[in-house]
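# give me a 3D structure for the following:
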Amino acid sequence: EVQLVDSGGGLVQPGGSLRLSCVATGFTFGSYAMTWVRQAPGKGLEWVSTMDNAGFTAAYADSVKGRFTISRDNAKNTLYLQMNSLKPEDTAVYYCARYSQGYDYWGQGTLVTVSS
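Just a heads-up that it's a prediction; the model follows:
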């Protein structure tokens with residue numbers, strides 16, 4: 001059974017940092033591109049970042065470029081999102097998702113709240 005488990009969210013002050021993790025089980029993690037998507041309160045889904053299966057290339061939304069870094073450890077079946085210089089508008093539930101001709105599996109999400 002494919003499972004993605006997100007963790008690492010919490011309450012942080014503006015300008016602070018958090019690192020999110022997504023542990024994958026039930027499939028060959030290193031064979032798939034992986035993505036972070038977020039949903040702010042009362043808003044739709046927003047793509048944040050994607051990394052290729054090998055960890056060589058990454059893409060970022062303009063809203064997070066230069067502040068967030070996606071990475072993965074295929075030996076640990078884990079995807080990460082390092083978030084620095086956090087802003088109140090980064091407040092959202094963050095989901096990891098597997099990409100295979102679309103986002104076919106999602107984590108349960110982890111809430112990030114940026115507030116003073």
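
# relative to Tyr94, how far out is Asp62?
From Asp62 across to Tyr94, the span is 17 Å (Cβ to Cβ, to the nearest Å). Using the backbone N, CA and C atoms, a C-beta is placed for each residue, glycine as well.

# the more surrounded of these two?
Between Asp62 and Tyr94, Tyr94 has the larger neighbour count (other Cβ atoms under 10 Å), namely 23 against 6.

# so what's the more buried one closest to, chain neighbours aside?
Nearest residue to Tyr94 in three dimensions, chain neighbours excluded: Arg38, at 4.8 Å (Cβ to Cβ, 6 or more residues apart in numbering).

# can you report how many residues lie near the one you found?
When neighbours are defined as other Cβ under 10 Å, Arg38 has 24 of them.

# same check, this time on Ala24
Applying other Cβ under 10 Å, we find 24 residues neighbouring Ala24.

# pLDDT score assigned to it?
On pLDDT, Ala24 comes in at 98.

# let me see the contact set for it.
2-4, 34, 77-79, 98 (Cβ atoms under 8 Å, 6 or more residues apart in numbering).

# pipe these into a markdown table and attach distance to Gly66 per row.
Formatted as a markdown table, the contacts of Ala24 follow (distance: Cβ to Cβ, whole Å):
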| residue | distance to Gly66 |
| --- | --- |
| Val2 | 32 |
| Gln3 | 32 |
| Leu4 | 26 |
| Met34 | 21 |
| Asn77 | 28 |
| Thr78 | 23 |
| Leu79 | 20 |
| Arg98 | 26 |
